[in-house]
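Q: how does the following fold in three dimensions:
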Amino acid sequence: MVKQKIVWTQEAYEERKQILAYWLERNQSKTYPVKLNKLIKDTLQIASIYPESGRKTNFENVRVLMIRDYLLFYEVNKTTIFVLSIWDERRNNKTPYMK
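A: Numbers count the residues shown, from 1 in each chain. Next up, the predicted model:
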């Protein structure tokens, strides 16, 4: 299998940054944010090799992977995985990628 390039959208990058900052402030420790960030990156590395491993969504070429309490939405094309959003599934409102 050919490994695909991973590209973060600005929105997804900011969401990840906010999630990690939240856990840093909440726990007053870098331990969990570092572990969570590694888990996100490791999951994306697997998806870059097996891009269809995520569950299909209602949008063409958009898939979702579960990472702890977060939904990671990504779009797949022939050479690239575009990370669209990281969504905390505990939120009351819906992500734009799920109907």
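Q: C-alpha from now on. contacts and neighbour counts both.
A: Will do.
Q: what sits up against stretch 19-38?
A: Taking Cα atoms under 8 Å, 6 or more residues apart in numbering as the criterion, no residue outside stretch 19-38 touches it.
Q: in that stretch, what counts as buried?
A: Judged by neighbour count (16 or more other Cα atoms under 10 Å), stretch 19-38 contains these buried residues: 19-20, 23-24, 33, 36.
Q: got CSV for those residues, with pLDDT, distance to D42 and secondary structure too?
A: As requested, the buried residues of stretch 19-38 are exported to CSV (pLDDT from 0 to 100; distance: Cα to Cα, whole Å; DSSP: H, G, I helix; E, B strand; the rest coil):
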residue, pLDDT, distance to D42, secondary structure
I19, 95, 17, helix
L20, 96, 16, helix
W23, 95, 19, helix
L24, 97, 20, helix
P33, 97, 14, helix
L36, 97, 10, helix
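Q: of all those residues, which two lie farthest apart?
A: Using Cα to Cα, these span at most 10.9 Å, a distance reached by L24 and L36.
Q: before we move on, back to that, closest to Q4 among the buried residues of stretch 19-38?
A: Nearest to Q4 among those, with distances taken as Cα to Cα, is L36, at 22.0 Å.
Q: name the nearest residue to the most centrally placed residue in the chain, ignoring sequence neighbours.
A: In the chain, the residue lying closest to the centroid (Cα atoms, centre = their mean) is L72, at 2.9 Å. Nearest residue to L72 in three dimensions, chain neighbours excluded: I86, at 4.5 Å (Cα to Cα, 6 or more residues apart in numbering).
Q: any idea how far that neighbour is from V64?
A: Separation of I86 from V64 (Cα to Cα, to the nearest Å): 9 Å.
Q: can you list residues touching both of these two?
A: Common neighbours of I86 and V64 (Cα under 8 Å, 6+ apart) are 71-73.
Q: secondary structure added to the residues you listed, as a markdown table?
A: Shown next, in a markdown table, are the shared contacts of I86 and V64 (DSSP: H, G, I helix; E, B strand; the rest coil):
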| residue | secondary structure |
| --- | --- |
| L71 | strand |
| L72 | strand |
| F73 | strand |
